[in-house]
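**Q** sequence and predicted structure, then a few things I'm wondering about:
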Amino acid sequence: MSDRSTVYLEKAKESLAGAKSELANRRYNNCATRAYYTCFQAAIHALLEAGIRPPRETDRWGHEFVQARFNGDLINRRKLFAVDVRGALEQLFRLRVKADYGTDHVPEVQAARAVRRAEAFIAEVARPRGR
């Protein structure tokens, strides 16, 4: 594991802890945001581990780029991760947009579901794999 990818996995674990804390403290909008970033950061870790880097033009991890490459390359083509996590990034991204920019609040049930989805995602990404 490269040092750079390790940082993203550590950030993902911290984001998951934050999502759980926000859920426990009934801050459901913040919970949704942290749950999304759990998956986003874990996906970047997985992409780096697979040798995929951000586009040269920007050298930044865009949300669409990460979603497309994680699902397209790591799940569909290389079959490195279970298909169960395929929709997590997109679903949690939509929930994060609702939480951050929408006029409605994220309800408790959606926040709790987001945490479970983020837990499953990071568990799948962090699962040891035979090489």
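**A** Good, I have the coordinates.
**Q** what residue ranges in the chain score low on pLDDT?
**A** Across the chain, the ranges flagged by pLDDT under 70 are 1-2, 130-131.
**Q** geometric centre of it: which residue is closest?
**A** residue 39 (0.9 Å; CA atoms, centre = their mean).
**Q** how many neighbours does the residue lying closest to residue 110 once chain neighbours are set aside have?
**A** Leaving aside its sequence neighbours, residue 110 sits nearest to residue 95 (CB to CB, 6 or more residues apart in numbering; 6.3 Å). C-beta coordinates here come from the backbone N, C-alpha and C atoms, glycine included. Per other CB atoms under 10 Å, the neighbour tally for residue 95 reads 24.
**Q** check which element follows the one helix or strand residue 95 maps to along the chain.
**A** Secondary structure assignment for residue 95, by DSSP states H and E: helix 88-101. Note on helix 88-101: by DSSP H and E, the next helix or strand toward the C-terminus is helix 108-126.
**Q** quick one: residues contacting the closest residue to residue 120 other than its chain neighbours.
**A** Among residues not flanking residue 120 along the chain, residue 85 sits closest, at 6.5 Å (CB to CB, 6+ apart). Neighbouring residues of residue 85 by CB atoms under 8 Å, 6 or more residues apart in numbering: 75, 120-121, 124-125.
**Q** residue 108: which of those residues is nearest?
**A** Set against residue 108, the nearest of the contacts of residue 85 by CB to CB is residue 120 (19.0 Å).
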